[in-house]
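Participant: Next one to model:
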Amino acid sequence: SKPSLSEQAWKTLAPHVSLLDVPQITRQEFLDRQSILAGVLAEAGVDAFIMEPSASSRYYANISSSYDLSERPFLVIIDKDGQFSYLAPKFELARIGGLEMVFKDKRVIEWHEEESPFEALKKSTGYEKVILDEHARYFIATGLQKVSIDVIPATDAIQSIRAVKSDAELAILRGINEFTIELVRSLAKFAKVGLTQGEILEAATSLFDKAGLKGGAWALVLLGDQASNPHGGSFGKILKDHEFVLIDIGSSLHGYGSDVTRTFLPAGSTVSDELWDSWYTVYAAQSAAIALMKVNETCSLVDAASRKVITDSGYGEFYTHRLGHGLGLEVHEHPYLNGANSEKLKANQVVTNEPGIYVTNAQARKIHLDSGFGIRLEDAILVTPDGGIVLTGSRAKSPYEP
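Facilitator: Prediction:
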């Protein structure tokens, strides 16, 4: 029988699996993060930073968001002296104690079913003012306030700890993002007219499995006019001639995510001059933004630079979303590159650069095109003093070379 798309693509992709051979974050790096956080808390005059299991607790203590949250608080705490503690229900202590958390020494604050967890925390610590992680649920904030603990939101200084990546984090992000692009290229090499959206999607996710990345993979496959909605919506389409394929895809390695997009043509397929030129307009918008992804540049101005290229080509109204976002333990995290964000970029932040043009069928008729289309190109970019460095190995070269 004829080999499947996944089987064909795997032969091309298999030699790239070694990109994933990157060490995990070391115990020492976790402990260093805790000390850096303690220093920021002391400087802010705050007693402690409080988290629920989330990307933040994974960053500071290797406690991931895969711990299921319930109405019973399990709070991970780092105080201004660098002390690691957690508050947990007494009957859950054995289970929580089995998590692979990282600490120098730990203090466990237990609470019984017949008492308020927040009273137990106040009694044990005497905290007066804390910073609550942005992922924590509302009832955690109100519970702390009820016992006279002043709760303040995460400051810029705290958010930038996670946003600025270490060498070890950059190695992981480079590995997973380069591999993800190679996966898309392997699919593009064997994609052809007549394939269904489902076949391409299934091949995409199965290739991550074959490479040993179980769970955590996601993909958006949009064909032709489906891509006029940036995040899709419809399903079941078959790829026709004169249509682009848009694949937005990612997975994770040691908890760090990839997020890349390519819009390409299968070999032998063609598109109209308008669509061909639009691909290069999006490419030029991406180039303009990469040049500005440098230390101290304002996020909104980077977004504006990419937008100007698309506006000058006459497609400005069809670039309907922000330029990009931070990338790390969360696929979307600080900083956000949009027109409203006056934050300045910092060295060693990793951000996505993903301009696009999206024309619906109804809009296409108004500008004398036969049907709608969508084009997006996305790479993860490292912010440096001299401009952005691509973390995906290399950018797309043409609609036939994603």
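Participant: Nearest residue to the middle of the chain?
Facilitator: Central residue of the chain (Cα atoms, centre = their mean): Val331, 1.4 Å from the mean position.
Participant: helix or strand for that residue, which one?
Facilitator: Assigned by DSSP states H and E, Val331 belongs to no helix or strand.
Participant: from what I can see it touches Gly250, true?
Facilitator: Yes - using Cβ atoms under 8 Å, Val331 is in contact with Gly250, at 6.0 Å. All C-beta spots, glycine's among them, are computed from the backbone N, C-alpha and C.
Participant: Need the residues touching each of those two.
Facilitator: Common neighbours of Val331 and Gly250, using Cβ atoms under 8 Å, 6 or more residues apart in numbering, are Gly257, Asp259.
Participant: Next one: the nearest residue in space to Ile149 that is not next to it in sequence from Ile140, what distance?
Facilitator: Using Cβ to Cβ, 6 or more residues apart in numbering and skipping the chain neighbours, the partner closest in space to Ile149 is Tyr127 (5.3 Å). Distance from Tyr127 to Ile140, counting by Cβ to Cβ, to the nearest Å: 13 Å.
Participant: Gly216 now?
Facilitator: Distance, Gly216 to Ile140, using Cβ to Cβ: 26 Å.
Participant: which of these two has more neighbours?
Facilitator: Between Gly216 and Ile140, counted using other Cβ atoms under 10 Å, the more crowded position is Ile140 (21 against 15).
Participant: surely the more buried one meets Glu52?
Facilitator: Yes - with contact defined as Cβ under 8 Å, Ile140 counts as touching Glu52 (6.5 Å).
Participant: Can you pull the residues that touch both of these two?
Facilitator: Common neighbours of Ile140 and Glu52, counting by Cβ under 8 Å, 6+ apart, are Pro73, Leu75.
Participant: Let me know the secondary structure of Asn177.
Facilitator: The three-state label given to Asn177 by DSSP: H, G, I helix; E, B strand; the rest coil is helix.
Participant: That should have said Lys214, apologies.
Facilitator: Following three-state DSSP, we place Lys214 in the coil state.
Participant: Ok, Gly374 next?
Facilitator: At Gly374 the chain is in strand, as set by three-state DSSP.
Participant: residue contacts, it?
Facilitator: Contacts here follow Cβ under 8 Å, 6+ apart; on that basis Gly374 touches 222, 225-230, 244, 246, 263, 356-359.
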